[in-house]
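Student: based on what follows, work out the 3D shape:
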Amino acid sequence: MGLLSFLNPPAKKPLLPKEQIDPEYKKMRLKVFLGIYLGYAAYYLVRKNLSLAAPGMIEEGLIDKAGAGVAMSGIPIAYAISKFLMGSVSDRSDARKFMTIGLILSALVMIIAGSLPYPVGVAGNYSFTVAMMFIFMLFAGWLSGMGWPPCGRVMAHWFSTNERSFKMSVWNTAHNVGNGTLGLLVPAGILIFGAIGITESWRAAFIVPAVVALIFALFCWWAIRDTPESCGLPSIEEYRDDYSGAKAAKGEEEKIPFRRLFIDYIFKNKMLWLIACANVFVYLIRYGIADWSPTYLTEVFHWDKDQASIAYAIREYAGIPGTILGGWISTKFFNGRCAPVNVIFLIATAIGVIGYWQADTISQFTTIPIAYIIYTSLALIGGAIYVPVAMIGIQALAIVPKNAAGTSAGFMSLFGYLLGDAVLSKIVLGYVAQSSYGWNATFWVFIIGAILAAAICTVAWGKEKRMMEERIAAAHK
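Tutor: I've put the predicted structure just below:
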């Protein structure tokens, strides 16, 4: 009970003098945006650590490939459920406290995981290490669910609907920055560990990024504030005269009971179910391409690990400009609506998948080196697929009351990570790729997934436009 009371949202403060509101609003919006951007990037410093530690652990005989795969599966399983459940807690909590505590605990889990002694496997028995790492990854996945929901809450309260597509698309690049930074911190940490005489270099993959994440947690505590009203400022709708979003349910400060929150604003929301189904196929492509591209490139094109790593990085970093471009198009041409942008970029994703799949054939007809075609196709896929990843999250915030933002975001992730990632992109695609139909069938799954997602977003196109027009009309009556 004490912890729940500590997490309570802060009370409203008396409104600041009129002449102070605009400069204070501008300062605080920049401050909270930097807080959730760097904070969310830091969450990615304490999520994929085992993936980078595994090669060293395998080399030292602490774990094998199969065991590492089992242990890593704990992350998406726990994260999918946590992001939904923790989202409902986040909707009734101070975003500043919620996000900072989750980041601190995530970092501590990784520090412990990287500090404990693990036995060398005997006669192929790595069960103890696998079990311990699986437990740590479950904890890490669960705590990762405390990252997105408070960010969604902050975005819903500090940025209005007609500007949110661009602002949130910029914010959504934080995970690309976090993943890339993790890749840089690990080799730097290995050098540091070697310099101080620690021979088990794999431990650096856990400990060094976690220490950096703790530093970012301090920044989050300094920068993030829950709502404008808690800072003596008017609501974002009043400040920007934008009433196209959903109002908070019976007062923004109200802690809605979970049953009412889920039944009234999630379960009965047909639009939310619609985009959740699209999210399944978006995550199938997002993680299916990411997880299987190294295996595909080494098996089919006989690329070495360095070439496959470059291809992986190109796809990841292409998501940064692609996501920002998608947000700009949404704001500039569609008044913040997301469905039209989703359709455009899902079509681009399908084109990239075809180019990736048929790279050999394209090379034969055009004499373009096959590596260039693969790199270009993966860049197109990465630049395009991260747009609906971001836009669906933005839609999820726009179609529910502001004090249901975290639960809505978690509902999207439950579909995306559990069904799209864990079930379809890992389990189903694994069986498909291993079947007699092989990689050709896998690419057909990607293409069909892109078509289905685009079709669902096309249905949502008109619904989204009518919903926003009705809200604006109601607000000006």
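
Student: any stretches of the stretch 351-477 of the chain with poor pLDDT?
Tutor: Applying pLDDT under 70 to the stretch 351-477 of the chain flags residues 402-403, 470-472, 474-477.

Student: show me how the record splits this structure into domains.
Tutor: Per automatic domain parsing, the structural domains of the chain span 16-224, 255-477.

Student: least confident of those domains, on average?
Tutor: Per-stretch mean pLDDT for the domains of the chain is lowest at domain 255-477 (a mean of 84).

Student: how about residue 146, secondary structure?
Tutor: With DSSP: H, G, I helix; E, B strand; the rest coil as the basis, residue 146 sits in coil.

Student: now it: closest residue in space, sequence neighbours ignored.
Tutor: In space, residue 146 comes closest to residue 102 once its chain neighbours are excluded; the distance is 2.6 Å by CB to CB, 6 or more residues apart in numbering. Yep, even glycine has a C-beta here, placed from its N, CA and C like the rest.

Student: after the one helix or strand residue 385 maps to, next one along is what?
Tutor: Element membership for residue 385 (DSSP states H and E) is helix 370-398. Downstream of helix 370-398, the next assigned helix or strand under DSSP H and E is helix 405-413.

Student: ok and that next one relative to helix 370-398, angle-wise?
Tutor: 140 degrees (axes from the mean of the first three to the mean of the last three CA atoms, to 10 degrees).

Student: could I get helix 405-413 in PDB with only the CA atoms?
Tutor: C-alpha atoms of helix 405-413 as PDB (Å, rounded to 0.1, in the frame of the first residue of the first chain):
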ATOM      1  CA  ALA A 405      -3.200   6.100 -22.300                       C
ATOM      2  CA  GLY A 406      -0.900   3.600 -20.600                       C
ATOM      3  CA  THR A 407      -3.400   0.700 -20.600                       C
ATOM      4  CA  SER A 408      -4.100   1.400 -24.300                       C
ATOM      5  CA  ALA A 409      -0.400   1.300 -25.200                       C
ATOM      6  CA  GLY A 410      -0.100  -1.900 -23.200                       C
ATOM      7  CA  PHE A 411      -3.000  -3.500 -25.000                       C
ATOM      8  CA  MET A 412      -1.300  -2.800 -28.300                       C
ATOM      9  CA  SER A 413       1.900  -4.400 -27.100                       C
END
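
Student: do you know which of the domains of the chain lies nearest residue 240?
Tutor: Among the domains of the chain, the nearest to residue 240 by CB to CB is domain 16-224 (4.5 Å).

Student: okay, the domains of the chain in CSV with mean neighbour count and distance to residue 10 next?
Tutor: Listed next are those as CSV, based on neighbours: other CB atoms under 10 Å; distance: least, CB to CB, whole Å:
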stretch, mean neighbour count, distance to residue 10
domain 16-224, 20, 6
domain 255-477, 20, 13
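
Student: okay, those domains in a markdown table with distance to residue 243 next?
Tutor: Formatted as a markdown table, the domains of the chain follow (distance: least, CB to CB, whole Å):
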| stretch | distance to residue 243 |
| --- | --- |
| domain 16-224 | 8 |
| domain 255-477 | 3 |
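
Student: report the contact partners of the residue nearest to residue 146.
Tutor: Taking CB atoms under 8 Å, 6 or more residues apart in numbering, we find residue 102 in contact with 43, 86, 143-147, 150.

Student: and for residue 70?
Tutor: By CB under 8 Å, 6+ apart, the residues touching residue 70 are 130, 134.

Student: give me the distance from the strand or helix carrying residue 70 to the chain's centre.
Tutor: Assessed by DSSP H and E, residue 70 sits inside helix 65-72. Here helix 65-72 is found 22 Å from its chain centre; the criterion is CA atoms, centre = their mean, to the nearest Å.

Student: which element follows that helix toward the C-terminus?
Tutor: Per DSSP H and E, helix 65-72 leads on to helix 74-90 as the next helix or strand towards the C-terminus.

Student: keeping just the C-alphas, turn the next helix or strand along the chain from that following helix into CSV.
Tutor: Heading C-terminal from helix 74-90, the first helix or strand you meet, by DSSP H and E, is helix 95-115. The C-alpha trace of helix 95-115 is given here as CSV (Å, rounded to 0.1, in the frame of the first residue of the first chain):
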residue,chain,number,x,y,z
ALA,A,95,4.9,9.1,-14.7
ARG,A,96,8.1,10.5,-13.3
LYS,A,97,8.3,8.0,-10.4
PHE,A,98,7.0,5.1,-12.4
MET,A,99,9.5,5.4,-15.2
THR,A,100,12.5,6.1,-13.0
ILE,A,101,11.8,3.2,-10.6
GLY,A,102,11.4,0.8,-13.5
LEU,A,103,14.7,1.9,-15.1
ILE,A,104,16.6,1.6,-11.8
LEU,A,105,15.2,-1.9,-11.1
SER,A,106,16.0,-3.0,-14.7
ALA,A,107,19.6,-1.9,-14.3
LEU,A,108,20.0,-3.7,-11.0
VAL,A,109,18.7,-6.9,-12.5
MET,A,110,21.3,-6.7,-15.2
ILE,A,111,24.1,-5.9,-12.8
ILE,A,112,23.2,-8.9,-10.6
ALA,A,113,22.9,-11.1,-13.7
GLY,A,114,26.4,-10.1,-14.8
SER,A,115,27.9,-10.4,-11.3
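
Student: next, the angle helix 74-90 makes with helix 95-115.
Tutor: Counting by the same axes, to 10 degrees, helix 95-115 lies at 160 degrees to helix 74-90.

Student: who's in contact with residue 167?
Tutor: So residue 167 contacts 33, 155, 159, 327 (CB under 8 Å, 6+ apart).

Student: apply 10 Å and report the result again.
Tutor: 29, 33, 155, 158-160, 327, 331, 336, 394 (CB atoms under 10 Å, 6 or more residues apart in numbering).

Student: any chance of those in CSV, plus secondary structure?
Tutor: Below are the contacts of residue 167 laid out as CSV (three-state DSSP):
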residue, secondary structure
29, helix
33, helix
155, helix
158, helix
159, coil
160, coil
327, helix
331, helix
336, coil
394, helix
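
Student: ok, so of these, who is nearest residue 354?
Tutor: For the contacts of residue 167, the nearest to residue 354 is residue 327 (25.5 Å; CB to CB).

Student: separation between that closest one and residue 108?
Tutor: The gap separating residue 327 from residue 108 is 34 Å, by CB to CB, to the nearest Å.

Student: elements contacting the helix or strand hosting residue 459?
Tutor: According to DSSP H and E, residue 459 maps onto helix 438-475. Here helix 438-475 touches helix 161-171, helix 270-300, helix 305-334, helix 339-357, helix 370-398, helix 429-434, going by 3 or more CB pairs under 10 Å, 6 or more residues apart in numbering; DSSP states H and E.
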